[in-house]
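> got a predicted structure plus its sequence, pasted below:
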Amino acid sequence: MSPPVAPPGWSRWLVPPAALSVHLSIGQAYAWSVFKPPLESALGLSGTQSALPFQLGIVMLGLSAAFGGTLVERNGPRWAMTVALICFSSGFLLSALGAATEQYWLIVLGYGFVGGIGLGIGYISPVSTLIKWFPDRPGMATGIAIMGFGGGALIASPWSAQMLESFGSDSSGIALAFLVHGLSYAVFMSLGVLLIRVPRTEQGARDGAESAATAAGARSVPTGPQVSANQAIRTPQFWCLWIVLCMNVTAGIGILEKAAPMITDFFANTSTPVSVSAAAGFVALLSAANMAGRIGWSSTSDLVGRKNIYRLYLGAGALMYGLIALAGDSSKPLFILCALVILSFYGGGFATVPAYLKDLFGTYQVGAIHGRLLTAWSTAGVLGPLIVNWIADRQEAAGKDGSSLYTMSLFIMIGLLAVGFVANELVRPVHPRHHVPAPASEGQSTEKEAADVQQQ
């Protein structure tokens, strides 16, 4: 499936909606916490067990993005979006079968393994294409698309809750909800497959007319430092960013995966307990903050710089966690406000990192580099939910309840953000010895260039 090239006059503003159709669909992953209580009740699972499909899904997201990044660069965004559609929808269908037969391993296999592959390939499918269409505003461009992943739960959370209420929260009701998800997302993601285009390459484009050429459906050949994916992972900058992303994601994803039960537990012993429907609404609010942070903070990074914006994510994020740990159960507005800020930083970190990579390594193989960096997300997808769920289960077994189930986890998250802050401070420009000449054709390396890289 060859990448569809934009015809003359094609508007680059049609590309973000194509990306959004995929990212809004796979962003359903952030609404998984809505399914946790019904699954625990219907199948007799613990909180740690019910988190397993989500955890495996995030692991497979990072691994498939890492190993599939080069394939996405080679085959183009339409191929990647098609693969994502098939895997993500099939994952829901397998999960529906698992719920209907009360075979939990099928839910783990479907949602976690097969669906997780769809998450990873779908997540990186439009990134390098967007950066090529918007070389003048890479933070904004990637933020527009990646905000869809953060905003997917804004739709999926109330939608899933309503289906469980209508179909029932037993195993058959859960199965029917999974089935509807799989079929609906297949239709919606197909819009992106049909709409996506890659820009034409014009060898003689003038440097000063880059933005105008891009808007007309063409772009100039990349200029400036360019680093291959294989060479990028040999640089300290890549691993510093890996730590930054891993720490930021671990801190955010632990709360996000446990969001609905967490707010219920925090205020269970107060005069204003949180209902199941209100908890689902809280998940939707977090999704909105996640989505807004992806476009808002990533666009801001075009103005203030990537390092400065990550200082905000990590430093102010640690402060928000401290407020929740010390006073979160005394004020519901304070708890919600801090959680919303944390999730906006969490989403902003995801949307800003492709532009950070572009600044350091160029556009040569930025999609493949981004895919390899997302292994940090795989690690965080295990660590975050494991820390929060395991500690909460142990605290509950010790007879504790309410906010005390999460206090230790919150302080651990503060420490992780401090580690990420230090790693961000260590990021420096990439040494010229890692640079390779810009490719002669769009996103494709030649055999000679590959040989040159191996000799460096």
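That came in fine, so what should we check first? These figures come from a predicted structure and were not determined experimentally.

> rest of the way, CA atoms for contacts and neighbours
Will do.

> per-residue confidence for the nearest residue to residue 275 once chain neighbours are set aside?
Residue nearest to residue 275 in three dimensions, not counting chain neighbours: residue 264, with 7.1 Å by CA to CA, 6 or more residues apart in numbering. Residue 264 carries a pLDDT value of 87.

> got the contact list for the helix or strand harbouring residue 264?
Secondary-structure assignment from DSSP states H and E places residue 264 in helix 259-266. Helix 259-266 has contacts (CA atoms under 8 Å, 6 or more residues apart in numbering) with 33-34, 37, 255, 273-276, 279-280, 282-283, 328-329, 401-403.

> now restrict the residues you listed to buried residues only.
The neighbour-count criterion (16 or more other CA atoms under 10 Å) marks 33-34, 37, 255, 274, 276, 279-280, 282-283, 328-329, 401-403 among the contacts of helix 259-266 as buried.

> between those, which sits nearest residue 14?
residue 283 (29.7 Å; CA to CA).

> follow-up on the earlier one: next, the angle helix 259-266 makes with the helix or strand just after the helix holding residue 264.
Using DSSP H and E, the helix or strand that follows helix 259-266 in sequence is helix 276-304. Relative orientation of helix 276-304 and helix 259-266, computed by axes from the mean of the first three to the mean of the last three CA atoms, to 10 degrees: 110 degrees.

> let the chain start at 6 from now.
All set: I'll call the first residue 6, so the last point we hit is now helix 281-309.

> just how off-centre is helix 281-309 within its chain?
In terms of CA atoms, centre = their mean, to the nearest Å, the gap separating the centre of helix 281-309 from the centre of its chain is 12 Å.

> for that helix, packing partners?
The contact analysis (3 or more CA pairs under 8 Å, 6 or more residues apart in numbering; DSSP states H and E) places helix 281-309 against helix 143-172, helix 264-271, helix 311-332, helix 337-366.

> return the distance of the shortest one from the chain's centre.
What that stands for is helix 264-271. Worked out by CA atoms, centre = their mean, helix 264-271 lies 22 Å from the chain centre.

> and the third one, by the same measure?
Taking CA atoms, centre = their mean, one finds helix 311-332 lying 19 Å from the centre of the chain it belongs to.

> go on, the last one?
If you compare the mean C-alpha spot of helix 337-366 with that of the full chain, they lie 11 Å apart, counting by CA atoms, centre = their mean.

> which strands and helices lie in contact with it?
Going by 3+ CA pairs under 8 Å, 6+ apart, helix 337-366 lies up against helix 143-172, helix 241-262, helix 281-309, helix 311-332, helix 371-378.

> just those: most buried one?
helix 371-378 (a mean of 28; mean count of other CA atoms under 10 Å).

> could you dump the following helix or strand past it to PDB, C-alpha only?
Using DSSP H and E, the next helix or strand after helix 371-378 towards the C-terminus is helix 380-402. Extracted C-alpha coordinates of helix 380-402, given in PDB (Å, rounded to 0.1, in the frame of the first residue of the first chain):
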ATOM      1  CA  THR A 380       9.300   2.000  24.900                       C
ATOM      2  CA  ALA A 381       9.400   4.400  27.900                       C
ATOM      3  CA  TRP A 382       5.600   4.400  27.700                       C
ATOM      4  CA  SER A 383       5.600   0.600  27.800                       C
ATOM      5  CA  THR A 384       7.700   0.700  31.000                       C
ATOM      6  CA  ALA A 385       5.600   3.400  32.500                       C
ATOM      7  CA  GLY A 386       2.400   1.500  31.600                       C
ATOM      8  CA  VAL A 387       3.600  -1.300  33.900                       C
ATOM      9  CA  LEU A 388       5.100   0.800  36.600                       C
ATOM     10  CA  GLY A 389       2.400   3.400  37.100                       C
ATOM     11  CA  PRO A 390      -0.700   1.100  37.500                       C
ATOM     12  CA  LEU A 391       1.400  -1.500  39.400                       C
ATOM     13  CA  ILE A 392       2.600   1.000  42.000                       C
ATOM     14  CA  VAL A 393      -0.800   2.500  42.600                       C
ATOM     15  CA  ASN A 394      -2.800  -0.800  42.500                       C
ATOM     16  CA  TRP A 395      -0.300  -2.900  44.400                       C
ATOM     17  CA  ILE A 396       0.100  -0.400  47.200                       C
ATOM     18  CA  ALA A 397      -3.700   0.200  47.400                       C
ATOM     19  CA  ASP A 398      -4.400  -3.600  47.600                       C
ATOM     20  CA  ARG A 399      -1.800  -3.900  50.400                       C
ATOM     21  CA  GLN A 400      -3.100  -1.000  52.300                       C
ATOM     22  CA  GLU A 401      -6.600  -2.300  52.000                       C
ATOM     23  CA  ALA A 402      -5.500  -5.700  53.300                       C
END
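
> so where's the protein uncertain?
Scanning the chain for pLDDT under 70 picks out 6-8, 206-229, 442-461.

> sorry, back to before: nearest to residue 186, out of the helices and strands packed on helix 337-366?
Nearest of these to residue 186, taken as CA to CA: helix 143-172 at 8.5 Å.

> how far off helix 281-309 does that closest one point, in degrees?
Using the same axes, to 10 degrees: helix 143-172 against helix 281-309 is 170 degrees.

> tell me the helix or strand right after helix 143-172.
Next along from helix 143-172, by DSSP H and E: helix 176-200.

> what residues does that following helix touch?
Contacts of helix 176-200 (CA under 8 Å, 6+ apart): 19-20, 22-27, 30, 40, 43-44, 47-48, 83, 86-87, 90-91, 93-98, 100-107, 165, 168-169, 172-173.

> and the buried ones among the residues you listed, selectable in PyMOL?
Only the buried entries of those go into this PyMOL selection, using 16+ other CA under 10 Å:
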select buried, resi 20+22+23+24+25+26+27+30+40+43+44+83+86+87+90+91+93+94+95+96+97+98+100+101+102+103+104+105+107+165+168+169+172+173
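
> now, which of the contacts of helix 176-200 lie within helices?
20, 22-27, 30, 43-44, 47-48, 83, 86-87, 90-91, 93-98, 100-106, 165, 168-169, 172 (DSSP state H).

> what is the end-to-end distance of stretch 362-379?
12 Å (CA to CA, to the nearest Å).

> so which of the helices and strands packed on helix 337-366 gets nearest residue 392?
helix 241-262 (7.2 Å).

> which helices and strands sit right next to the closest one?
Helix 241-262 packs on helix 337-366, helix 371-378, helix 380-402, helix 412-430, going by 3+ CA pairs under 8 Å, 6+ apart.

> thanks a lot, see you next time.
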